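Asks: Okay, sequence plus prediction incoming.
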Amino acid sequence: SDGGVTGPRRFLARCAGSVQWHFRSAPVGVWAPLAFVTLLSFASRFYRLSEPPHVCWDETHFGKMGSYYINRTFFFDVHPPLGKMLIGLAGYLSGYDGTFPFQKPGDRYEHHNYIGMRGFCAFLGSCLVPFAYLTVLELSKSLSAALLAASILIFDTGCITLSQYILLDPILMFFLMGAVLSMVKYNSYADRPFSAPWWFWLSLTGVNLAGAIGVKFVGLFVVLLVGLNTVYDLWELLGDLSLSLVTLGKHLLARVFCLILLPLALYTAQFAVHFAVLNKSGPGDGFFSSAFQSRLIGNNLHNVSVPEHLAYGSVITMKNLRMAGGYLHSHWHLYPEGVGARQQQVTAYLHKDLNNLWVIKKHDSNTDHLDPSHYVEFVRHGDVIRLEHKETSRNLHSHQHEAPMTRKHFQVTGYGINGTGDANDFWRIEVVGMKAGKRIKVLRSQIRLTHLATGCILGSSGKTLPKWGWEQVEVTCTPYVKETPNALWNVEDHINPKLPNISLDVLKPSFPEILLESHMVMIRGNSGLKPKENEVTSKPWHWPINYQGLRFSGVNETDFRVYLLGNPVVWWLNLVTIGLYLLMATCAIVAMKRGVQLTAELKELSEVLLHSGGKIMLGWLLHYLPFFMMGRVLYFHHYFPAMLFSSMLTGITWDTLLKFCAGCLSCSLGRRVYTYGTLALMLLIVYSFYLFHPLSYGMVGPMASDPNSPMAGLRWLESWEF
Amino acid sequence: MLGFLKQPVVVSAEINVNLVALTVMGLVNRLWALSYPQAVVFDEVYYGQFVSLYMKRIFFVDDSGPPFGHMLLAFGGYLGGFDGNFLWNRIGAEYSMNVPVWSLRLLPAVTGALCVPLAYQILVELHFSHCAAFGAALLILFENSLITQSRLMLLESVLIFFILLAILSYLKFYNLQKCSPFTAGWWFWLLLTGVACSCAVGVKYMGLFTYMLLLAIAGVHSWHLIGDQTLSNVSVLCHLLARGLALVVIPVAMYLSFFYVHLTLLYRSGPHDQIMSSAFQASLEGGLARITQGQPLEVAYGSQITLRNVLGKPMPCWLHSHKNTYPIRYENGRGSSHQQQVTCYPFKDVNNWWIVKDPGMQQLVVSNPPRPVRHGHIVQLVHGITTRYLNTHDVAAPLSPHSQEISCYIDYNISMPTQNLWRVEIVNRESDTDVWKTILSEVRFVHVNTSAVLKLSGASLPEWGYRQLEIIGEKLSKGYHQSKLWNVEEHRYGKSQEQKEREVELHSPTQADMSKNLSFMARFTELQWKILTLKNEDTEHKYSSSPLDWITMDTNIAYWFHSISGAQIHLIGNVLTWASANVATLVYVCLFVWYLLRRRRNICDIPEDTWRRWVSAGGLCVGGWAVNYLPFFMMEKTLFLYHYLPALTFQILLIPAVLQHLTDHLCRSQLPKNAFSALIVAWFSSIYLVYRTFSPLTYGEPTLSAAELRALRWKDSWDILIRKH
């Protein structure tokens, strides 16, 4: 046989005692390093945690939302509630009273206790390192690979910065890594299925999955990873002919229960808690339907009592029936030149406002129906009416000019002076599924307004108007008669002193309804986060090359500056490793396919590379590639989940490469190459951390472009802003 | 010498009568009364304008796809002697005498007809019986929607033709692979696969889906080849290289060549010039080229220039200033410098002229010899008509309060000094001493005192700024963005020192004595980029539909309506075929999963070669359906029923495959077999009947009465135009 193939075997056979390949044989050799990396991790995350003592970056959002939970005020956010609930809980337990307003970044905390919330996030962020250590150890059975992966995460400035503030990311990454670790663990108990640890890790995977999606929808990617892994797992089991169909059924059911039903139940439970805690009216009300709002204490629909039937002279607000539809709104501003006729704007507005009020009038008379001498006349299905805007006394009007955004619809404007307009102000009011002549009910009737002259229907297109329209939602008159909620409205507020108020207890929606509605609102909110014209945004291809960071705190020379940027040495090492991994994996897989005879040790190496590395690589791809297809605004920190996978891959790949190189050399030389290679990589990482640590722990003094700055010479890329 | 005469010369020909019959039937069925109606039908109004532009050699940009399809249609017009003189503005407009309707519609019709024999051969190459193959061809033949789409000047039938051709050639190639690799036939089919793929992509970007599918299938087959240990390493490498050449290199080269022909044919300037960069426009005959032809290349101190923003969004515009000043207070109460406004103006105007001045000298004319401006030089920009200097200072811009205001400096004696020095940075420079060139150089102006960068914000100013676009100085300028780049468009060397003379000079047209050309690759890259990034605003159409409506054909499109006779053409499919195709897909997937799971447990229900045939048929047909259908769920553009036709074609091919499988393997004895065959015949007859029933809507004649039309409205969601009397 030739020397190149026998080399590794000789080396491994002789050197097996000196290098610890298998950890089960040496428990102390595992726990001591684990304790060591955990300690380092906690130390690096908790060091200078209270600095800077002011609101940094997105703390203004998530801190505020934590306060909302403490105050039990209802709000709206595009992410699911778990992360913010945990922040709120951490704040509550650590004695924060929820009174700090979190208005804008840079506000000082003064006497408010913010350390509890930061500490909670830092705690979860610190757990990432032991999780990564254990995952890599389990996958590669190699201590040095695990240490390499752990040290990359410990000494990455980006991970440290992101863990030190009140943000969702450390919480998300905690659950994500937790899911990966438990998945790997339960896979490793494949030889003892249905044993206690197997059940423990399997159900823990489910719990972590629920946590991951509960924090951000990005958690879906890890669900996908676990899902693919499980499908592969089941496929292998199916091919094992020694298993009976009953056993297979048990395997399948166990996974369905732990990985689908359990997470779903927990996820739903989070929302149940969320809705139970937030029972007071707050800034998020307007995003939700009238029925939803009636649940909230302090909302004008809570325990509502209004006149039941619409009458002429009533003052009303109309809400669009589409999910997250706004109130019909108008204001003194005109449509700008070039956008249809220069008349008053009519929009849909998500917030409650006096400009949402409209008065129902008869189309052919301008009498004041609230005059006590008049008798009450109800509005009936099929009547022709005129809607007068209460604040500006202009009529709801439409004509054959194109609408501002949806060019094929007609423009809707406010027209006329003090209620005197023209025939284009007349609308036929109809209720879905009702016969002519019936009265129209508040809240319950689904109303359609048909423009009399053109036959089009009043609707909200859901598109956001540009700056001139205050970024409110476009209202149009659509000539295409389709039954969609876009073209239906309900009456929400109703003021008419001449009618008796009746308490309405019809609205209370069921839990599945509010769950569904809140998801629709979140999805719409997420897709509404579009980048603005000409705005320089972060692109996914920027991220792995560490092209540009995010300013967490401070701009000027005198400020305490924190800049979220990955440790460039670590990140570029990760980037190179991905290429290296692909190269090595291709070589290994082609060699195996071509039937090259490999030694047992080489087989073991390629097994680790292809299977364990493959899982991690898949994780990286799943957490990175989808961003290329997203239309919403993207930020640098979206890459961090993928970066965790990338770091673990680096550990595995370099360890395999060094083992392979060592195997080709003689025993003593090989061992030296292996040890010094690993050490060199770690020293490189530690030294680069020494260089770049001020990015996380704060920089004061001149900017890096100034030669006197402590960061002078470290601005390796023009695009870094420190 | 004459040895060959010793043997008699024998020509023996083998003719597959099936194929000939199918081709003839296809041609009859697609070409019958082709020039009726003599009016613009549906999207002919859209493609027609491009055909006209081709005839007139006028440049255009169409964001709907690459140019090969348009070129093919234009070729039809060329053969028919079309001069391009027709106003394509309204669906239903009668064609004038000079429009060769027949030859314009010929190519789509012929390609549509050829899909019938192609379908036959594909099934044969998949190793199904000739009977099943004949069935597949008949289903394509009697599919009303495919007929409608082929008989008009539209591109879908051409696309489907190339897709099927690519599939067929790959199958032929693959079947030859086993017995005779590297023979002439092998090479022919392999190369034809690549060519057909690139043609499909060249017609519509939708062709990419099938191309990707074929690449994936070829990838899997190559992977098996790598695993074949009877082949030497060298021969495996040769196989891989041949595939790489035919399936990657050739399609890319062909794709480039489409653009090459496109750009060679269209050399005159036209309606879409404004979208393109100055350099591109200058390469076209007429338009900007007429103005810029012969202007000096190197910008020198004293040059008179107009500066165009490179981004061109929201509209192309030039750096502009005029006498009016910023209002002292804006609507929201913020103050301004009250100096002269600087804007970006989307029209050519004498106020767009600026003079490049050396800060160290007073003169505003070009010296002899001219002193060129290089990268890194510091200049002042003087507005030609008002002689004020481009200036910026720490005052908030009118609409973007985080950025600095840009003004033309007026000294109010209020201790607000001039800050009018700008550093010229050529972004696309080759070396650091590059000269600033007209049209070619993309330049960033960096303010010397504040390092703000001159930028187009994209917002339009209110009434006081005449709704022109806002120009700002961005302080913390990060990264590269086209809104910060400017290029010189018009340029001449200034001669007049006196202001009065200079005004006359600025008003006069630029003189000429030099020309330049952009390389093909540069023009290709720019055009390709514009095609991909241009967005049409129209997101709603009366007949637009969502992908979910397509499977069940809940929607149709009225293509044409004769207002007097009431004759009409609709895109409406053969309902029975569509339903059967869906059933076949469902049956296939269920059976496939069933077999797959059972095989994993080592239970083989069907013989190995049947299984392989079953997998390859499904991979191609179900895979083809999926890749041509599912991506539409992620698209945000306006979608129509005709986008589903390629997917439908694949789905139809699956029906006979499934039927044959069911007859062969699930009907064990003779009796059910016969019953099943009888059922199939009955089903085929009903497909023919449905085809006949709907053919008045497919061919547009005979004209139906209102009652007959009402009877054809099988689904409530169909929009068939019935006139009220």
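Replies: Nice, I can see it.

Asks: what ranges do the strands span in the stretch 151-300 of chain B?
Replies: Counting by DSSP state E, counting those that start in this stretch, the stretch 151-300 of chain B has no strands to list.

Asks: Would you mind naming what in it lies close to chain A?
Replies: Within the stretch 151-300 of chain B, the positions near chain A by C-beta under 8 Å from any C-beta of the partner chain are B:W223, B:I226, B:G227, B:Q229, B:N233, B:V236. Glycine gets a C-beta too; all of them are placed from N, C-alpha and C.

Asks: Does the first one touch A:R594 like I think?
Replies: The one in question is B:W223. No. B:W223 is beyond contact range of A:R594, at 11.3 Å (criterion: C-beta atoms under 8 Å).

Asks: what's the distance between the residue of chain B found nearest chain A and A:H693?
Replies: Of all residues in chain B, B:G458 sits closest to chain A, at 3.9 Å by C-beta to the nearest C-beta. Distance, B:G458 to A:H693, using C-beta to C-beta, to the nearest Å: 40 Å.

Asks: got any ranges where the stretch 501-650 of chain A has weak pLDDT?
Replies: A:504-507, A:528-536 (pLDDT under 70).

Asks: All the strands of it, residue numbers only.
Replies: Assigned by DSSP E, counting those that start in this stretch, the stretch 501-650 of chain A shows strands spanning A:502-503, A:550-553, A:562-564.

Asks: Quickly check: the longest one near chain B or not.
Replies: No. Strand A:550-553 stays clear of chain B (C-beta under 8 Å from any C-beta), getting no nearer than 9.6 Å.

Asks: Look at whatever residue of the stretch 351-500 of chain A ends up closest to chain B and tell me its secondary structure.
Replies: In the stretch 351-500 of chain A, the residue that lies nearest chain B is A:K408 (5.0 Å; C-beta to the nearest C-beta). Per DSSP: H, G, I helix; E, B strand; the rest coil, the secondary structure class of A:K408 is coil.

Asks: is it true that it touches A:E402?
Replies: Yes. Contact criterion C-beta under 8 Å: A:K408 and A:E402 qualify, at 7.4 Å.

Asks: Which of the two has more residues huddled nearby?
Replies: Neighbours were counted for A:K408 and for A:E402 using other C-beta atoms under 10 Å in any protein chain shown; A:K408 has more, 17 against 14.

Asks: Could you measure from the more buried one over to A:T476?
Replies: From A:K408 to A:T476 the distance is 9 Å (C-beta to C-beta).

Asks: Over to A:A423?
Replies: Distance from A:A423 to A:T476, by C-beta to C-beta: 20 Å.

Asks: What ranges does the stretch 401-550 of chain A have for its helices?
Replies: Using DSSP state H, counting those that start in this stretch, the helices of the stretch 401-550 of chain A run over A:511-527.

Asks: picking up where we left off before, pretty sure the residue of chain B closest to chain A sits in a strand.
Replies: Yes. Per three-state DSSP, B:G458 lies within a strand segment.

Asks: before we move on, the earlier item: higher neighbour count, A:A423 and A:T476?
Replies: Taking other C-beta under 10 Å, A:A423 and A:T476 do not tie; A:T476 has more neighbours (27 against 9).

Asks: Let me see the contact set for that one.
Replies: A:A403, A:M405, A:T406, A:H409, A:F410, A:Q411, A:V412, A:G459, A:S460, A:S461 (C-beta atoms under 8 Å, 6 or more residues apart in numbering or on different chains).

Asks: For the strand or helix carrying A:L328, buried residues please.
Replies: Following DSSP states H and E, one finds A:L328 within strand A:327-334. Within strand A:327-334, the residues scored as buried using 16 or more other C-beta atoms under 10 Å in any protein chain shown are A:Y327, A:L328, A:H329, A:S330, A:H331.

Asks: What of stretch B:551-571?
Replies: B:551, B:553, B:555-561, B:567-571.

Asks: interface residues of the stretch 101-250 of chain A facing chain B?
Replies: So the stretch 101-250 of chain A meets chain B at A:W235, A:L238, A:G239, A:L241 (C-beta under 8 Å from any C-beta).

Asks: Can you go through these and name the buried ones?
Replies: Buried among those (16+ other C-beta under 10 Å): A:L238.

Asks: Using TSV, please lay out the residues of the stretch 101-250 of chain A next to chain B together with distance to B:H661 and secondary structure.
Replies: TSV is the format used below for those (distance: C-beta to C-beta, whole Å; DSSP: H, G, I helix; E, B strand; the rest coil):
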residue	distance to B:H661	secondary structure
A:W235	25	helix
A:L238	24	helix
A:G239	25	helix
A:L241	27	coil
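
Asks: Using JSON lines, lay out the residues of the stretch 101-250 of chain A next to chain B together with pLDDT.
Replies: As requested, those are exported to JSON lines (pLDDT from 0 to 100):
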{"residue": "A:W235", "pLDDT": "94"}
{"residue": "A:L238", "pLDDT": "92"}
{"residue": "A:G239", "pLDDT": "90"}
{"residue": "A:L241", "pLDDT": "90"}
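
Asks: A:P336: which of the residues of the stretch 101-250 of chain A next to chain B is nearest?
Replies: Set against A:P336, the nearest of those by C-beta to C-beta is A:W235 (60.4 Å).

Asks: Surely the closest one and B:R600 touch.
Replies: Yes. The pair A:W235 / B:R600 is scored as a contact, 7.3 Å apart, by C-beta under 8 Å.

Asks: Could you check the lengthiest helix in chain B and say which residues are buried?
Replies: In chain B, taking DSSP state H as the definition, the longest helix is helix B:670-699. Going by neighbour count (16+ other C-beta under 10 Å), the buried part of helix B:670-699 is B:I680, B:I687, B:V690, B:Y691, B:T693, B:F694, B:S695, B:P696, B:L697, B:T698, B:Y699.

Asks: before we move on, what about stretch A:439-455?
Replies: For stretch A:439-455, a neighbour-count test (16+ other C-beta under 10 Å) marks A:I440, A:K441, A:V442, A:L443, A:S445, A:I447, A:R448, A:L449, A:T450, A:H451, A:L452 as buried.

Asks: ok so, going back, and for the residue of chain B closest to chain A, the neighbour number?
Replies: Neighbours of B:G458 (other C-beta under 10 Å): 22.

Asks: for A:F288, same thing?
Replies: Neighbourhood size, A:F288 [other C-beta under 10 Å]: 26.

Asks: List the residues that contact it.
Replies: For A:F288, the contacting residues are A:F76, A:A324, A:E517, A:S518, A:V521, by C-beta under 8 Å, 6+ apart.

Asks: Likewise for B:T663?
Replies: B:T663 sits next to B:K673, B:F676, B:S677, B:I680 when contact means C-beta under 8 Å, 6+ apart.

Asks: again, 6 Å this time
Replies: B:T663 is in contact with B:F676, counting by C-beta atoms under 6 Å, 6 or more residues apart in numbering or on different chains.

Asks: repeat for A:S163
Replies: A:R45, A:A122, A:G125, A:P170 are the contacts of A:S163 under C-beta under 6 Å, 6+ apart.

Asks: swap the cut-off to 8 Å and go again
Replies: A:R45, A:C121, A:A122, A:L124, A:G125, A:S126, A:L128, A:D169, A:P170.
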